[in-house]
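A.B. asks: need a 3D model of the sequence below.
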Amino acid sequence: MTTVAAAAGGDFFKRLGVLAQACTGARAQGRTRLHRNSHRAGTCEGTFWRSTTRQEVQRIIRAAQRYELHGRKPGRRNGPLGSIALEILALFGNLVSFKTGRLDPSLDWIMDKLKRSRDAVVRALKALRDHGFLDWLRRFEPTPNEGRGPQVRQVSNAYRLFAPKRA
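C.D. replies: Take a look at the predicted model:
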């Protein structure tokens with residue numbers, strides 16, 4: 001039997017065992033994927049977050065606004081950050097705990113508060129990170145589920161505000 005005939009009849013993949021292996025994968029069992037470079041929630045935030053003041057947060061927001069105006073090209077609506085990124089930065093400025101620096105809103109919560117789409121929020125967060133105004137840690141926590149493999153789920157990211165030197 002040729003490979004073309006076997007592939008057309010479906011025997012080719014059955015003989016190789018590809019379908020059997022695909023059915024036993026992580027998605028077939030209903031587990032969620034764990035993102036690369038994720039940290040266990042509650043173990044790494046102490047060194048990541050730092051205390052801040054209201055004046056420092058306002059300075060970061062003003063620096064981002066100036067950076068946005070300075071980087072805008074003639075005839076363009078937005079600069080390198082975008083208006084949604086400035087909205088997110090202002091929201092984070094109101095959310096941050098000044099004593100501990102804790103800042104960990106979920107993506108769905110940010111979307112709900114700003115009335116923006118997931119794609120717009122994700123692109124704005126990426127722009128803030130790329131230009132040095134924001135950094136975050138991906139986090140996970142263990143679940144009580146039993147079964148093969150790591151039983152964990154992603155939780156909200158831990159965010160940290162910055163003022164880059166060029167701004």
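
A.B. asks: where in this structure is pLDDT low?
C.D. replies: Within the chain, the segments meeting pLDDT under 70 span 1-40, 42-47, 167.

A.B. asks: measure residue 151 to residue 158 for me?
C.D. replies: 22 Å (Cβ to Cβ, to the nearest Å). (Each C-beta comes from the backbone N, C-alpha and C, glycine too.)

A.B. asks: can you give me the strands in the protein?
C.D. replies: 38-40, 134-142, 152-161 (DSSP state E).

A.B. asks: where do the helices sit along this protein?
C.D. replies: 3-9, 11-16, 18-23, 45-48, 54-71, 83-95, 107-114, 118-130 (DSSP state H).

A.B. asks: between those, which one is nearest to residue 77?
C.D. replies: The closest of these to residue 77 is helix 83-95. By Cβ to Cβ, the value is 8.0 Å.

A.B. asks: coming back round to it: neighbour count for residue 151 and residue 158, which is higher?
C.D. replies: residue 158 (20 against 13; other Cβ atoms under 10 Å).

A.B. asks: quick check: closest non-adjacent residue to the more buried one.
C.D. replies: In this structure, residue 158 finds its nearest non-sequential neighbour in residue 137, 4.5 Å apart by Cβ to Cβ, 6 or more residues apart in numbering.

A.B. asks: closest one to residue 145 among the helices of the chain?
C.D. replies: Here helix 18-23 is closest among the helices of the chain (Cβ to Cβ), at 19.3 Å.

A.B. asks: quick revisit: mind putting the helices of the chain in a markdown table, mean neighbour count and distance to residue 145 included?
C.D. replies: A markdown table is the format used below for these (neighbours: other Cβ atoms under 10 Å; distance: least, Cβ to Cβ, whole Å):
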| stretch | mean neighbour count | distance to residue 145 |
| --- | --- | --- |
| helix 3-9 | 10 | 37 |
| helix 11-16 | 12 | 30 |
| helix 18-23 | 10 | 19 |
| helix 45-48 | 13 | 24 |
| helix 54-71 | 16 | 39 |
| helix 83-95 | 19 | 31 |
| helix 107-114 | 15 | 22 |
| helix 118-130 | 16 | 26 |
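
A.B. asks: so which of the ones you listed gets nearest residue 163?
C.D. replies: Residue 163 lies closest to helix 54-71 among these, at 4.6 Å (Cβ to Cβ).
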